[in-house]
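In: I'd like to go over a predicted model; first the sequence, then the structure.
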Number of protein chains: 2
Amino acid sequence: MEQIQNIENYLTNVGIKPSYQRMKIYEYLIENMNHPTVEMIYKDLSPHIPTLSKTTVYNTLKLFVDKEITQIITIEDTEARFDADTSTHGHFKCIKCGKIFDFSFDKTNLNIKQIENFDIQQTHLYIKGICENCKNIDKKNN
Amino acid sequence: MEQIQNIENYLTNVGIKPSYQRMKIYEYLIENMNHPTVEMIYKDLSPHIPTLSKTTVYNTLKLFVDKEITQIITIEDTEARFDADTSTHGHFKCIKCGKIFDFSFDKTNLNIKQIENFDIQQTHLYIKGICENCKNIDKKNN
DNA sequence: TTTATAATTGTAACAATTACAGAAATGGAA
DNA sequence: TTCCATTTCTGTAATTGTTACAATTATAAA
């Protein structure tokens, strides 16, 4: 399809040889912006790529991160999540339903003092709490 | 000592029975604000508490987190770090020397749109890059 | 077709964490 | 004090996420 064609070109452009597995994993990432774990990617793709190895998923994601077309999200201490959107944006995790939401924020007026002369390469903002939907469910049950 | 006496009272006040291990671990946290890992805490305390078990360190930290007198820092995906300062503040990790720096930031004007009606319980800001000291070392070597 | 190189796979190793059961400590009640 | 119940601590085993590595397979150039 068109999509896959685009992915092939895109990977080539950033210096990644577009193997079948790599294209499928990248396609999965941009179609599933729900910040999947390695386990999720492996489980969902295995039926379509029967020979797929979990090691390949790990290797491929590491490659994507190195080439800066994917970022690691460490909002939970248990396992890493991956996001094909590498722009600086925040992540909210609902502690009730577990869903992770994206949000944008203005990092220009954080007004940071102590690290003014440091070189900043990555900024991650993680917020935890209860999402609107779960809040409403709570209300109903009271 | 005075310090230990304070810790005993403090733990009691937040609803934690102040056992010897718990007091020592909490004392370690407030004396070592360098965001230690479980391994670091265990290694440093073992000589003073020969019977200490790593499981106790895990259990105790989980208890502290539950009672909200300690926060988990997940700036790296490999292992959890712990911080007895539970106020909202940012963490900078230098990718050269690995050191973690605290900094304060203004979370009032982040100007967040998409999660306005969400309940916010924790805010974590993680920044990665190169600290001033490592920057200067780099300059000298060029 | 041959050959060199790169990518993929599967297994084993590793490291952080958790589960669990028994031992030790604690704190009343008799 | 002694007895008993409960809590805490300990050590080992199990679990989980990740990485190392060697063998196999695919790719691409000569």
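Out: Ah, there it is.
In: residue A:61 against residue A:38, yeah?
Out: Yes - assessed by CB atoms under 8 Å, residue A:61 is found in contact with residue A:38 at 6.9 Å. Yep, even glycine has a C-beta here, placed from its N, CA and C like the rest.
In: which neighbours do the two share?
Out: Common contact partners of residue A:61 and residue A:38 (CB atoms under 8 Å, 6 or more residues apart in numbering or on different chains): residue A:82.
In: and these two? which has more neighbours close in?
Out: residue A:61 (20 against 16; other CB atoms under 10 Å in any protein chain shown).
In: gap between residue A:89 and DNA strand D?
Out: Noted for residue A:89: a distance of 21 Å to DNA strand D, by CB to the nearest atom of the strand, to the nearest Å.
In: repeat that for residue A:122.
Out: For residue A:122, the distance to DNA strand D - CB to the nearest atom of the strand - is 17 Å.
In: please apply the same query to residue A:51.
Out: 8 Å.
In: what about stretch A:93-112, near chain B?
Out: Yes - residues of stretch A:93-112 contacting chain B under CB under 8 Å from any CB of the partner chain: A:94, A:95, A:101, A:102, A:103, A:104, A:105, A:106, A:109, A:110, A:111, A:112.
In: my read is that the first one contacts residue A:129, right?
Out: The one in question is residue A:94. Yes - the pair residue A:94 / residue A:129 is scored as a contact, 7.0 Å apart, by CB under 8 Å.
In: overlap of the contact sets of those two?
Out: With CB under 8 Å, 6+ apart as the test, residue A:94 and residue A:129 both reach residue B:118.
In: which ones are touching residue A:107?
Out: Contacts for residue A:107 (CB under 8 Å, 6+ apart) come out as A:88, A:123, A:125.
In: residues in contact with the strand or helix carrying the second one?
Out: The one in question is residue A:123. For residue A:123, the host element (DSSP states H and E) is strand A:119-130. Strand A:119-130 has contacts (CB under 8 Å, 6+ apart) with A:71, A:73-75, A:88, A:90-96, A:103, A:105, A:107, A:138, B:74, B:95, B:110, B:115, B:118-130, B:135.
In: PyMOL command to pick out the buried ones of those?
Out: Buried members of those, defined by 16 or more other CB atoms under 10 Å in any protein chain shown, are picked up in PyMOL with:
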select buried, (chain A and resi 71+73+74+75+90+91+92+93+94+103+105+107) or (chain B and resi 74+110+115+118+119+123+124+125+126+127+128+129+130)
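In: CA atoms of stretch A:83-100 as CSV?
Out: The C-alpha trace of stretch A:83-100 is given here as CSV (Å, rounded to 0.1, in the frame of the first residue of the first chain):
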residue,chain,number,x,y,z
ASP,A,83,6.2,6.6,21.0
ALA,A,84,6.7,7.4,17.4
ASP,A,85,5.9,11.1,18.1
THR,A,86,9.3,12.4,19.1
SER,A,87,8.2,16.0,19.6
THR,A,88,8.3,17.3,23.1
HIS,A,89,5.0,16.6,24.7
GLY,A,90,3.6,15.5,28.0
HIS,A,91,2.1,12.2,29.1
PHE,A,92,-0.7,11.7,31.5
LYS,A,93,-1.3,8.3,33.1
CYS,A,94,-4.6,7.5,34.7
ILE,A,95,-4.0,5.4,37.8
LYS,A,96,-7.5,4.0,37.5
CYS,A,97,-7.8,2.8,33.9
GLY,A,98,-4.1,2.9,33.1
LYS,A,99,-4.6,4.7,29.9
ILE,A,100,-1.9,7.2,28.8
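In: the domain parsing of chain A - what is it?
Out: A:2-82, A:88-140 (automatic domain parsing).
In: of those domains, which is nearest residue B:19?
Out: domain A:2-82 (24.8 Å; CB to CB).
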